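Undergrad: Please work out how this folds:
(4 chains)
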Protein chains: 2
Amino acid sequence: MTVTLLPMAEPQDAVCCTPLTRETIDAERAEDLARKLKALADPTRLRLVSMVAASDGEEACVCDLIDPVGLSQPTVSHHLKILMEAGFLTRSKRGTWAYYKLVPGALGQLSQLLDVTASR
Amino acid sequence: MTVTLLPMAEPQDAVCCTPLTRETIDAERAEDLARKLKALADPTRLRLVSMVAASDGEEACVCDLIDPVGLSQPTVSHHLKILMEAGFLTRSKRGTWAYYKLVPGALGQLSQLLDVTASR
DNA sequence: TTACTCCATCGACGTTTGTCAATATTCGGA
DNA sequence: TCCGAATATTGACAAACGTCGATGGAGTAA
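TA: Residues are numbered from 1 along each chain as shown, chains lettered A, B, ... in the order given. Presented below is the predicted three-dimensional model:
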């Protein structure tokens, strides 16, 4: 039996580390970065991330996200899935409810990649 | 005659100031932020921004961008236009050449919007 | 003027995206 | 065990997107 501790520690994809403006980004890293940015580049998904971030414990139930967003339940589910696959949220089910939680350093890491002067 | 000094100081659209995670973003600001992120959420455009940023004076000629990117000239022009309309680049023509230049605080401002902990 | 170069715009195309209604799945309670 | 509630998945469709070849416009040099 394998004991898997801390599955939340992300594989930390190739996007890591050197900011956009320090040296020319290579095609592969550009692909990765673009994937993450694309996940965030939608008004509904930005609102979802923001609402989750503003919730208690940076965690929110899907049922509380649908009405404020004003879209159908399948659409909200779809957006949450995209945010999860991009590494910005994690999901945990409790009973019939699903709770989405902010991945701690995810936004910060992306933020630092965009600019050197902003970080440090 | 009007004397226009420092036309580079952007109108500073509504995206400004409060980071995503501080309080719930409203629909209008989400729309604006998404527009900017979408402009950056493409591997080719990321490479273009990066290449311009790495150039002398953070400025590059279109003619020097086409080959490294490996796409047709119209496509590169198209991407540069999108980056310009989103406020990340400015264009200045000198002779037949067109030079695109990084807008000084643009990436940093976006970066700070994504996260509080990364900035400051 | 003519010819050539650099770049932007146009029109067309296949692909991706955001959305919904309908359906499936999973769980808790009667 | 059967039912209702909360989510996820599927299928469909219009709109937006990334790309190209062809064309247009503006500058330079003969």
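Undergrad: So which residue is smack in the middle of chain A?
TA: A:F88 (1.3 Å; Cα atoms, centre = their mean).
Undergrad: how about that residue, phi and psi?
TA: Main-chain torsions, A:F88, degrees, to the nearest 10: phi -90, psi -30.
Undergrad: A:G95 too?
TA: phi 70, psi -140.
Undergrad: gap between it and DNA strand C?
TA: According to Cβ to the nearest atom of the strand, to the nearest Å, A:G95 stands 4 Å off from DNA strand C. Heads up, the C-betas are built off the backbone N, CA and C, glycines and all.
Undergrad: same check, this time on A:I82
TA: Counting by Cβ to the nearest atom of the strand, the separation of A:I82 from DNA strand C is 6 Å.
Undergrad: Could you give the separation of the helix or strand where that residue lies from the chain centroid?
TA: According to DSSP states H and E, A:I82 maps onto helix A:73-85. Distance of helix A:73-85 from the chain centroid (Cα atoms, centre = their mean, to the nearest Å) equals 11 Å.
Undergrad: Which positions in that helix come out as buried?
TA: Within helix A:73-85, the residues that count as buried by 16 or more other Cβ atoms under 10 Å in any protein chain shown are A:76, A:79-80, A:82-84.
Undergrad: Any part of that helix near DNA strand D?
TA: Yes. Counting by Cβ under 7 Å from any atom of the strand, DNA strand D has neighbours in helix A:73-85: A:73-74, A:77-78, A:80-81.
Undergrad: Now do whatever helix or strand comes next after that helix against helix A:73-85, angle only.
TA: Heading C-terminal from helix A:73-85, the first helix or strand you meet, by DSSP H and E, is strand A:89-94. Interaxial angle, strand A:89-94 versus helix A:73-85 (axes from the mean of the first three to the mean of the last three Cα atoms, to 10 degrees): 120 degrees.
Undergrad: is the helix holding A:I82 up against chain B anywhere?
TA: No. Applying Cβ under 8 Å from any Cβ of the partner chain, one finds helix A:73-85 out of contact with chain B, separated by at least 12.0 Å.
Undergrad: Tell me the secondary structure at A:V49.
TA: For A:V49, the assignment made with DSSP: H, G, I helix; E, B strand; the rest coil gives helix.
Undergrad: returning to that earlier point: what helices or strands is the helix holding A:I82 leaning on?
TA: Packing partners of helix A:73-85 (3 or more Cβ pairs under 8 Å, 6 or more residues apart in numbering or on different chains; DSSP states H and E): helix A:27-40, helix A:43-54, helix A:63-69, strand A:89-94, strand A:97-102.
Undergrad: At the contact with chain B, which residues of chain A appear?
TA: The interface of chain A toward chain B, taken as Cβ under 8 Å from any Cβ, is made up of A:20-25, A:27, A:30-31, A:33-34, A:37-38, A:40-47, A:49-51, A:53-54, A:102, A:107-112, A:114-115, A:117-119.
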